[in-house]
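S.K.: Sequence first, predicted model second:
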Amino acid sequence: MGTTYLHAVASLDGYIADEHDDVRSLHDWYFSGDHPIAVDDHPDDHGGAPFRVSAASAEYVRGMWERQTVLVIGRHQFDLTNGWEGHPPASDHVVVISHRPA
């Protein structure tokens, strides 16, 4: 039997993005350090900046990302990121939950 690892992100009001779908203020720490998270980074697929964090954050995030093989996300996030152009930042595969057809 395999191991399931769950990592969930939510804000107290149920929304992470602002009224313009901007999540930058919440995720600025992903781009403000000097330690890359992933060797095979595709910065053009996630806003034009590579993921770089502090040394302490890099160790934590690398460990978390290395265990992830599938991201389960909503259709809106997939559309906003354009599916990361086939290069999701923290996994090999993405499952999109949606009530609309592709």
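M.R.: Ah, there it is. Numbering: from 1, shown residues only.
S.K.: which residue packs closest to Pro36, ignoring adjacent ones?
M.R.: Closest residue in space to Pro36, ignoring its immediate chain neighbours: Arg52 at 5.4 Å, by Cβ to Cβ, 6 or more residues apart in numbering. (C-beta placed from N, C-alpha, C; glycine too.)
S.K.: which residues touch that neighbour?
M.R.: Tyr30, Phe31, Ser32, Gly33, Asp34, His35, Pro36, Ile37 (Cβ atoms under 8 Å, 6 or more residues apart in numbering).
S.K.: what's the answer for His7, then?
M.R.: Shown here is His7, whose contacts under the criterion Cβ under 8 Å, 6+ apart are Met64, Gln68.
S.K.: oh, and call the first residue 350 from now on, that's how I've got it
M.R.: Happy to do that; since the first residue is 350 now, the last one works out to His356.
S.K.: Let me know the secondary structure of it.
M.R.: Remark: His356 carries the secondary structure label coil [criterion: DSSP: H, G, I helix; E, B strand; the rest coil].
S.K.: And the next helix or strand past the longest helix along the chain?
M.R.: Assignment by DSSP state H gives helix 404-416 as the longest helix of the chain. Secondary structure here is assigned by DSSP states H and E; on that basis, the next helix or strand after helix 404-416 toward the C-terminus is strand 419-423.
S.K.: Off-centre distance for that next one?
M.R.: Relative to the mean C-alpha coordinate of its chain, strand 419-423 is positioned 9 Å out (Cα atoms, centre = their mean, to the nearest Å).
S.K.: quick one: strands adjacent to it?
M.R.: Listed by DSSP bridges, the sheet partners of strand 419-423 and their directions read strand 442-446 (parallel).
S.K.: Can you give me the buried ones in the strand it pairs with?
M.R.: Of the residues in strand 442-446, those buried under the neighbour-count criterion (16 or more other Cβ atoms under 10 Å) are Val443, Val445.
S.K.: again, but for stretch 400-411
M.R.: Residues Phe400, Arg401, Val402, Ser406, Ala407, Val410, Arg411 are the ones in stretch 400-411 that count as buried (16+ other Cβ under 10 Å).
S.K.: and the two most separated of these?
M.R.: Put simply, by Cβ to Cβ the two of these set farthest apart are Arg401 and Arg411, 12.1 Å from each other.
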